[in-house]
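Student: I'll drop the sequence and a predicted model, then ask my questions.
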Amino acid sequence: MARRETCWRARGWAVYEYDALNRLSDIRSDPGAWKKRYDGKSLRYETEENDKVTHFIFDRGELAPEGSGSRGIQYIHGDDRVLCSERENMGMGYHIQDEAGSTLFILDRERNIRKSYRYDAFGRVLEERGNIENRLTFTGQMYDGGTD
């Protein structure tokens with residue numbers, strides 16, 4: 001551990017630890033604990049959230065499949081953003097994004113909204129509806145709930 005910060009959040013105190021390359025490595029707070037592990041290119045390849053491990057695979061810097069155990073999410077990328085994702089429990093989900101690449105909606109095959117987001121100017125999620133799992137939110141970047 002190279003650096004530790006303790007701060008007050010809406011849900012109580014949280015301790016953030018950073019490694020020697022200033023990458024967030026551990027979070028401990030009232031709702032749980034998170035660990036992040038990185039590869040040699042500083043891409044996060046694994047996250048542990050309250051003893052649940054999720055693995056990330058990158059193909060030329062783009063997030064490919066994501067999974068924990070037998071459950072996983074496959075991403076299909078366009079030129080600079082995710083176009084759709086396939087989930088075991090839902091099938092194909094189509095990502096509708098704004099001009100900055102932020103996910104606004106995820107639609108199913110019948111064009112029903114399965115997930116929706118509303119953000120403030122700094123990327124904080126103001127409103128999230130739907131019960132499917134999705135990490136790619138503001139500007140198409142991975143979001144972890146433990147960091148807010």
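Tutor: Alright, I've got the coordinates. Residues are numbered from 1 along each chain as shown.
Student: what kind of secondary structure is the residue in the chain sticking out farthest from the centre in?
Tutor: The centre of the chain is farthest from one residue, residue 110, which by Cα atoms, centre = their mean lies 25.0 Å away. Recorded secondary structure, residue 110: coil (DSSP: H, G, I helix; E, B strand; the rest coil).
Student: Residue 105: neighbouring residues, count only.
Tutor: Using other Cβ atoms under 10 Å, residue 105 is surrounded by 18 other residues. All C-beta spots, glycine's among them, are computed from the backbone N, C-alpha and C.
Student: mind checking the backbone torsions on residue 82?
Tutor: With angles defined as degrees, to the nearest 10, residue 82 sits at phi -80, psi 130.
Student: That one: what's it in contact with?
Tutor: The contact partners of residue 82, by Cβ atoms under 8 Å, 6 or more residues apart in numbering, come to 63, 75, 76, 95, 103, 136, 140.
Student: give me the element the second one is part of.
Tutor: Looking back up the chat, that one is residue 75. Here residue 75 is covered by strand 71-77, with elements defined by DSSP states H and E.
Student: hang on, the earlier thing: got a ChimeraX select line for the buried ones in the contacts of residue 82?
Tutor: ChimeraX command restricting the contacts of residue 82 to the buried ones, with burial defined by 16 or more other Cβ atoms under 10 Å:
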select :63,75,95,103,136,140
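Student: Could you work out the most separated pair of the contacts of residue 82?
Tutor: Greatest spacing in those, by Cβ to Cβ: 76 and 103 (14.1 Å).
Student: For residue 37, which non-adjacent residue is spatially closest?
Tutor: Distance criterion Cβ to Cβ, 6 or more residues apart in numbering; nearest residue to residue 37, sequence neighbours excluded, is residue 46 at 4.3 Å.
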